[in-house]
Each structure stands twice: as structure tokens, then as C-alpha cells.
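# the sequence and its predicted three-dimensional model are supplied below.
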Amino acid sequence: MDIMDIFEVIQPGAYTTIQDRGRFDYQQYGVPICGVVDSFAYRVANALVGNSQGQAVLEATVFGPTLKVLNQGLIAVTGGNLSPFLNNAPLPMWESVTIRPGGMIQFKGVKGGCRAYIAVAGGIDVPIVMGSRSTYVAGKIGGINGRPLAAGDRLNKGKGIAKAGNRVSSNLIPTYSNDIEIRVILGPQDDYFSEGVEKFFTSTFKVSDKADRMGYRLEGDMIMHRDGVEKSIISEPSVPGGIQVPPDGQPIILLVEQTVGGYTKIATIISPDIEKVGQAKPGDQIHFKQVDIEEAHRILKMEEEKIESIKMSLMR
Amino acid sequence: MYDKPRFLLAGDRGLLVEFGATIDPEINGKVRQIFLSLEKMPIHGVTEVIPTYRSILIFYDPLQSDPDRLRQEILDRENKLDKWEIPPPETIEIQVAYGGDFGPDLDFVAHHNKLSPEEVIRIHTSGTYLIYMLGFTPGFPFLGGLSEKLFTPRLEKPRQFVPAGSVGIANKQTGIYSIDSPGGWQLIGRTPIKVYDPTRSLPFLLRAGNYLRFKRISGEEFQEIAGTHKD
């Protein structure tokens, strides 16, 4: 693969990491999946710049990075609207855009959502560690030496070809609200709760300040365990989207950098709704809605078809 | 051990198969057998399998499979487990330099249990420990089998920095720190062996379901081994 410099990091932003779809097959050794939180925005970003799925992108959080362009390339910014600018003009999102040496990409503040994805034709190139380029900060692997971007980093890209002006039709672009409904499947430990389950579905929760790629702590009504049951379980691995209820009754949504945990999980978020959580910010409100497994799989298939139709429309 | 495994939904891509309700070597042995059979001959649509203390977490692709099909496959497999030639668990030896800078809490652990430091080392090295599962940090083993003579509470104030390789005790557990990290375990020694090294072609030394023993080495031997294992 031909490699070339694409960006110099002038400012890293609040928390920008290199991520791909995730690190699989190593969870049995205690390595979490990592990867992007918003899989839809990530996949569309890669499709817009003609990348095969699985290429690495930048995931920016709330305050995006400032990047100096070192070589000509093609980028697409998707996900949360963190006000991207190219050379002091607004950079259109959900669209492939040519960048030229000396150009400057900046982000000027959150307008909607929380996480933006910056894909480059050819993908961000860093060494593959255990099958993935995803940064795992606590495990100090992936990305650039297992850490978020820092000022002075130079990023490389692989070889890619695509055209500017690829655009997602506006009806397929998600809108990010401050008040979201998240669909869940009950379990695996819903039998540890009784009235707690009803309360979980009738309450409104607020995203607390403790919200990152490991998990989102929520604030709201206390979800009580059933009388007489243990409030913890024998430690077991976590699934992204699992909703833990610790003894204090305040739920925690587990995301992509979790390994094992010993708290009961009342419900698990369906995959297509994990990205909605990933775009929620502290202060935003969340309601939970129950779906059964058959419905969850129907929703997932529709989501796959939506992404396929976007890919098809870009190939025309 | 349950008569029949329990199947619990873990979202739209995960199925948790529980074999028992307790931390028990026999239940974990069943977990290991089923897990290895799934590695040897994967079930169609299964993307990843994780063995745990008393359950297996199966990830699947909902476009290719569903919980009903997986449930049937697992039950079939459980009934024909003797057909699978599952090798017996292995026992790996971990060399440990005890006390001093390697194990600054050895004296505390001895004092807490009314033992001499030498007795703590003798008891710790005479046990065989079952690796129930890995997690928390990459390659960190959750071990069973610590003698109750060594049970010691965690530090009241966790350390900001515990070097990788540190061997510690926390309540009823003993374990090995797999990466440099903050930590609250009572440190009794350190191994020069890297249980986790992301730059190795096989990054992990330990596997769930296998056993582990600790062997005492001197400080000089520690340095010697650490030197030869340098990258």
C-alpha cells in the first residue's frame, strides 16, 4: 500500500482518536472491542470516500481537532455536527470534499450530536495491532501508541481513489435530538428487578458528566432491585449497549471500551441505537422503550438495507 | 451446575449461556469444554465466543443466525461432548521474586495473617490456581484457589502506579497485573514474565480454563530473565 502524509495535528481537540470497526477475537483475553461508537456515521463516511469498510477514521468528541492538510486527498465528515470548517468556510458534512496542501480543517463548536467522524480516502494508516487500528487507551494499544491525538502528530493515509461531491441524500442523514428514545431488549439480568423494570421504562434519565467511550452514567429515578436478591453477579463480559444497574440504582450504559463487570444488567440497547447514545451529550435526556428480539432483528436488517442503499447511490 | 444450561439474551447480537450459579471448577470445566469445541468447529453465524467463570458469551451475526438456532446447536453439542477430543487443561509456571521492592506488601500480608513472610511465600507457591477467565485489563487472570490463610483486604488507598508483572492479593483473590496501572491489591512479588505483550505474535500467555502455579525465584534470577525477555 502506498502511504503518504495527510494531516499534521495542530490541536488535538477535546478527545480525538483513531478508530475502525473494532478489534474482534480478543475479548476472551480481556481486550474490549473498541472501535467507533457511531457505526452508521462511520460506515457512511468510509463509503463517501470510496473506502472499503473497516478502514480507520478519526473520531472527534465535542471539540474537534485542528488539522493542517499536507497532501491532496479526499475527506468526508459525518456524525455529530461539530461545525467543521475548511479554510475558514463551512465544510459540508455527509459529502466527499477535496482537500489540498496547506489547507486547514477546524471545528468551531457543537451544533448537534457529540461525535464526528473524519474519513480520508485510503484510510488513516497506523500499525494494525491484534487485527485492528482502533485506539484502546486503557490498554495502550492501537492508533498512535495507544493514545488520543496530540499536537504535532503526523497522520498517514493509504492509497484511495474516489471523487469529490459524493453526497448522502438529506432524508437519510440522521438528526440528533437532545431528547432521545432508545430501544432495548430486556436482560440478561432483568429477573433481578420487578417494579424496577416498570420504572426503568417510565422514567426519563439525564446523561451525566461521566460519559465517555467506556460508558454513560445516567441520572434519574432510582431503579431498585427485587427484595432479597444479590445486587451483583459473578463477573462476566460486557456487551456494548448493556445497561448496568449498580446498587445505587443509577443506570450505566456500557459502551465499546468495557471488558468485564459484576453488576446486574437490566436491559441491552439494540445495535442500531447505540449510535444514538454515542451522539448524546451530558444533559441530554433518554427514555427507554422495550422491543423483543424479533423486532430488534427486523430493525437491524432495515438499518443494513439503509446503509446498502446509500452505498448503491454513491456508486452511480 | 444446572441440569440444563440457561440461555439469556444479551442484546440483539449476544447470547449468554450459563452452566451454573457459582464459582466452581467443575462448572468452569464445562465452560472450557464447550468453548474449545466452538473454537474447533465454529457454529455458522457465530462471530466471537468468550468463556467466563460460569457462562459463555456468544456473539452472532443476526443476518445469519438467531438465538433459537444457537440454543439448539449448543444443546446438541452439550449432549455429544464426549465426541469432541478436548485436551486436558495445561498448567503454566510463573516465576516470581517475592518481597522487597518486588513485593512491598509481603510483610503486611504476613502480619495480617499471623504468618512469617517465608510462610506466605511457601503457601502461595504450593497452590495450583485455576484461570477462570481473563479480563479487566488485557491478559489479567481471574484466579481461583488462593489458600484462605492468605486472604487479605485491599489497600485502603490504591497506588497510583503498579508495574506490570506485580503479583498481588485482594480479599480471596490472587492475580498478576498485566499492564502498568493504578491498583489496590497487596503486592507480594513480581514476575519478569510478560503475561501480555501486544508486540508478540502471541500476545497472551494465559488462557481461561488452564491452570497456573507460582515458582519462587531470586532477585538476580528476576533480572536475568527480565534481561533475556527484553524486546
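Yes, it's here.

# in the stretch 101-250 of chain A, what residue is nearest chain B?
Across the stretch 101-250 of chain A, the shortest distance to chain B (C-beta to the nearest C-beta) belongs to residue A:188, at 3.8 Å. Just so you know, the C-beta spots here come from the backbone N, C-alpha and C atoms, and that holds for glycine as well.

# pairing partners for the most centrally placed residue in chain B in the sheet, please.
Centroid check for chain B by C-alpha atoms, centre = their mean gives residue B:141 as the closest residue, at 2.7 Å. In this structure, residue B:141 bridges to residue B:134 when assessed by DSSP bridges.

# can you give the domain ranges for chain B?
With domains defined by automatic domain parsing, chain B comprises B:6-83, B:91-228.

# typo on my end, chain A
Using automatic domain parsing, chain A is parsed into the domains A:4-172, A:179-304.

# might you report the residue contacts of the residue lying farthest from the centre of chain B?
Distance from the C-alpha centroid of chain B peaks at residue B:63, with 32.9 Å (C-alpha atoms, centre = their mean). Neighbour list for residue B:63: A:300-301, A:304 [criterion: C-beta atoms under 8 Å, 6 or more residues apart in numbering or on different chains].

# check what pLDDT residue 111 gets.
Just so you know, I chose chain A. For residue A:111, the pLDDT comes out at 96.

# please refer instead to chain B.
We have a pLDDT of 97 for residue B:111.

# send over the regular element (helix or strand) spanning it as PDB, restricted to the C-alpha atoms.
According to DSSP states H and E, residue B:111 maps onto helix B:106-112. Only the C-alpha atoms of helix B:106-112 are listed here, as PDB (Å, rounded to 0.1, in the frame of the first residue of the first chain):
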ATOM      1  CA  LEU B 106       4.600  -9.100  51.700                       C
ATOM      2  CA  ASP B 107       5.300  -8.200  55.300                       C
ATOM      3  CA  PHE B 108       1.700  -6.700  55.700                       C
ATOM      4  CA  VAL B 109       0.100  -9.800  54.300                       C
ATOM      5  CA  ALA B 110       2.200 -12.000  56.700                       C
ATOM      6  CA  HIS B 111       1.400  -9.800  59.700                       C
ATOM      7  CA  HIS B 112      -2.300  -9.700  58.800                       C
END
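
# which is the succeeding secondary structure element to it?
Next helix or strand after helix B:106-112 toward the C-terminus (DSSP H and E): helix B:117-126.

# what is the rounded mean pLDDT of that next one?
Averaging pLDDT along helix B:117-126 gives 98.

# can you list the buried residues in it?
For helix B:117-126, the buried set under the neighbour-count rule, 16 or more other C-beta atoms under 10 Å in any protein chain shown, comprises B:117, B:120-121, B:123-124.

# what sits up against that helix?
Outside helix B:117-126, the residues touching it (C-beta under 8 Å, 6+ apart) are B:96, B:98-99, B:106-107, B:109-110, B:113, B:115, B:147, B:149-150, B:174, B:188-189, B:213-216.

# how far off centre is it?
Here helix B:117-126 is found 21 Å from its chain centre; the criterion is C-alpha atoms, centre = their mean, to the nearest Å.

# now do stretch A:290-310
Offset of stretch A:290-310 from its chain centre (C-alpha atoms, centre = their mean): 18 Å.

# what about residue A:152, how many neighbours?
By the criterion of other C-beta atoms under 10 Å in any protein chain shown, residue A:152 has 9 neighbours.

# so what's it up against?
Per C-beta under 8 Å, 6+ apart, neighbours of residue A:152: A:8-9.

# so what's residue 49 closest to, chain neighbours aside?
As the question left the chain open, I've gone with chain A. Excluding the flanking residues, the one nearest residue A:49 by C-beta to C-beta, 6 or more residues apart in numbering or on different chains is residue A:121, at 4.1 Å.

# I was after chain B.
Setting aside the residues directly before and after it, residue B:49 is nearest to residue B:38 in space (C-beta to C-beta, 6+ apart), at 4.9 Å.

# so which bits of the host helix or strand of the one you found are buried?
Using DSSP H and E, residue B:38 sits in helix B:25-40. By 16+ other C-beta under 10 Å, the buried positions in helix B:25-40 come out as B:27-38.

# tell me the predicted confidence for the residue nearest to residue B:49.
Reading off the confidence values, residue B:38 has pLDDT 94.

# wait, it sits on residue B:46?
Yes - with contact defined as C-beta atoms under 8 Å, residue B:38 reaches residue B:46; the gap is 6.9 Å.

# between those two, which contacts overlap?
Counting by C-beta under 8 Å, 6+ apart, the residues touching both residue B:38 and residue B:46 are residue B:58.

# any idea whether the residue located most distally from the centre of chain A is helix, strand or coil?
Ranked by distance from the centre of chain A (C-alpha atoms, centre = their mean), the top residue is residue A:228, with 37.6 Å. Recorded secondary structure, residue A:228: coil (DSSP: H, G, I helix; E, B strand; the rest coil).

# go on, residue A:196?
Under the three-state scheme (three-state DSSP), residue A:196 adopts helix.

# got the contact list for residue 196?
I'll assume chain A. A:223-226, A:245, A:249, A:266.

# can you look at chain B instead?
With contact taken as C-beta under 8 Å, 6+ apart, residue B:196 is in contact with A:29, B:137-140, B:164, B:178-179, B:203-205.

# cool, and residue A:214?
So residue A:214 contacts A:138, A:254-255, A:257-258 (C-beta under 8 Å, 6+ apart).

# if we check chain B, which of those residues are in contact?
When the contacts of residue A:214 are filtered against chain B using C-beta under 8 Å from any C-beta of the partner chain, the residues retained are residue A:138.

# and of the contacts of residue A:214, the nearest to chain B?
Set against chain B, the nearest of the contacts of residue A:214 by C-beta to the nearest C-beta is residue A:138 (7.0 Å).

# how many neighbours does that closest one have?
Residue A:138: 17 surrounding residues under other C-beta under 10 Å.

# helix, strand, or coil at the closest residue to it other than its chain neighbours?
Counting by C-beta to C-beta, 6+ apart, residue A:257 is the residue found nearest to residue A:138 once chain neighbours are left out, at 6.6 Å. Secondary structure assignment for residue A:257 (three-state DSSP): coil.

# residue A:257 reaches residue A:36, doesn't it?
No - contact criterion C-beta under 8 Å: residue A:257 and residue A:36 do not qualify, at 11.7 Å.
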